[in-house]
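Trainee: got a sequence here, can you build the structure:
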Amino acid sequence: MKKSAARFWLLIFYFFNMSYTPNSSRYSKMEYRRCGNSGLKLSAISLGLWHNFGHVDQLENCSNILKLAFDNGITHFDLANNYGPPPGSAEENFGRLLKRNFSGYRDEMIISTKAGYTMWEGPYGDWGSKKYLVSSLDQSLKRMNLSYVDIFYHHRPDPETPIEETMSALDLIVRQGKALYVGISNYKPAEAAQAIQILKELGTPCLIHQPKYSMYERWIEDGLLDLLGNEGVGCIPFSPLAQGMLTDKYLKGIPSGSRAAKAHGFLKAEQVTPEKINQLQQLNALAAERGQKLAQMALSWILRDRRITSVLVGASRPEQLADSLKCLDNITFSQAELDKIDRIL
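Mentor: Alright, predicted model coming up:
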């Protein structure tokens, strides 16, 4: 009897600690924007799982970040086959947490994944062949324990595979019911125009484009944004904080433990120059005048353009995500503020 009673209370303890009830007012906290000419709306802030959701990270911290996101109206969760580390582990962890905490809320979520970078050895584990894309998505669905994803992206253009083959693979995946929509990522304007046209002819319109975009990296302003707006394709930028540079971390140099201080990081120490630090200090002063932190202003600056459907943010802890969400409090810029940002940069 004692063992049965102990087992009973252990199950009760487990149930109450694992159960999760979302905030009932979550949808009133978020702006939702229509994705191009489609019927789909995305939360203005989307959560990217590029970093901090791999097997090297604490699963409970991942869980707390996802709960905070959903409680605040974030409905779009963005993954890729190679996110981790190790590759594939972000999808595995997301799948575990989806089953544990969100199993009753799948229909309230937009879940996306991608393929285009190296996932396994040999000629079929990279780039943009039909063989790779179909196989990769099958693996992703198994890792997340899903029957379909809402959006499947080709992660980068393939210089060797005919674009017609890559786009026909995306079309096939939708017809197979493994994805509801498809998108492209890291495509330059000419490549994007070609992909959009092919998908249109195939009858599976391109829903969205995911490019790199920030105050420091503005290449999409040279034709791509106009193309997407004219073609009715959504836009969801990644790296909006320039790998963390557009935060208050680097106002006085490179702090220990930051991305720029790590040899394997995407942000290199040599990029944080005295000139950049001076620019960041000026931008930070302008953000303060707007009642924002620098990172919040950088996110607001992207969302000011209505051609932007959503902006992808990452988070290493719940508090960081809560801080980013405050960018929605002020996404309006005066022309004088925009001119000042351009002069600073």
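Trainee: quick one: the helices in the stretch 101-250 of the chain?
Mentor: Assigned by DSSP state H, counting those that start in this stretch, the stretch 101-250 of the chain shows helices spanning 130-144, 163-175, 189-202, 224-231.
Trainee: can I get those in a markdown table with mean pLDDT?
Mentor: A markdown table is the format used below for the helices of the stretch 101-250 of the chain (pLDDT from 0 to 100):
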| stretch | mean pLDDT |
| --- | --- |
| helix 130-144 | 98 |
| helix 163-175 | 98 |
| helix 189-202 | 98 |
| helix 224-231 | 98 |
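Trainee: can you redo those helices as a markdown table with distance to residue 20?
Mentor: (Glycine included, C-beta is placed from N, CA and C.) Converted to a markdown table, those look like this (distance: least, C-beta to C-beta, whole Å):
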| stretch | distance to residue 20 |
| --- | --- |
| helix 130-144 | 18 |
| helix 163-175 | 31 |
| helix 189-202 | 37 |
| helix 224-231 | 36 |
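Trainee: and residue 84, which of these is closest to it?
Mentor: Residue 84 lies closest, by C-beta to C-beta, to one member of those: helix 130-144, at 10.8 Å.
Trainee: check which helices and strands the closest one sits against.
Mentor: Contact here means 3 or more C-beta pairs under 8 Å, 6 or more residues apart in numbering; DSSP states H and E; on that basis helix 130-144 packs against helix 89-101, strand 110-115, strand 149-154, helix 163-175.
Trainee: would a markdown table of the ones you listed with mean neighbour count be doable?
Mentor: Putting these into a markdown table (neighbours: other C-beta atoms under 10 Å) gives the following:
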| stretch | mean neighbour count |
| --- | --- |
| helix 89-101 | 20 |
| strand 110-115 | 26 |
| strand 149-154 | 25 |
| helix 163-175 | 19 |
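Trainee: want to throw those into JSON lines with distance to residue 121?
Mentor: Listed next are the helices and strands packed on helix 130-144 as JSON lines, based on distance: least, C-beta to C-beta, whole Å:
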{"stretch": "helix 89-101", "distance to residue 121": "18"}
{"stretch": "strand 110-115", "distance to residue 121": "16"}
{"stretch": "strand 149-154", "distance to residue 121": "21"}
{"stretch": "helix 163-175", "distance to residue 121": "21"}
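Trainee: among the ones you listed, which comes closest to residue 342?
Mentor: Of all the helices and strands packed on helix 130-144, strand 149-154 sits nearest to residue 342, with 30.8 Å by C-beta to C-beta.
Trainee: give me the neighbour count for residue 83.
Mentor: Residue 83 has 25 neighbouring residues, counting by other C-beta atoms under 10 Å.
Trainee: ah, wrong one, I meant residue 117
Mentor: For residue 117, the neighbour count with other C-beta under 10 Å is 17.
Trainee: show me the shaky parts of the stretch 151-300 of the chain.
Mentor: Applying pLDDT under 70 to the stretch 151-300 of the chain picks out residues 253-269.
Trainee: all strands for it, in order.
Mentor: With DSSP state E, counting those that start in this stretch, the ranges of strands along the stretch 151-300 of the chain come out as 179-185, 206-210, 234-235.
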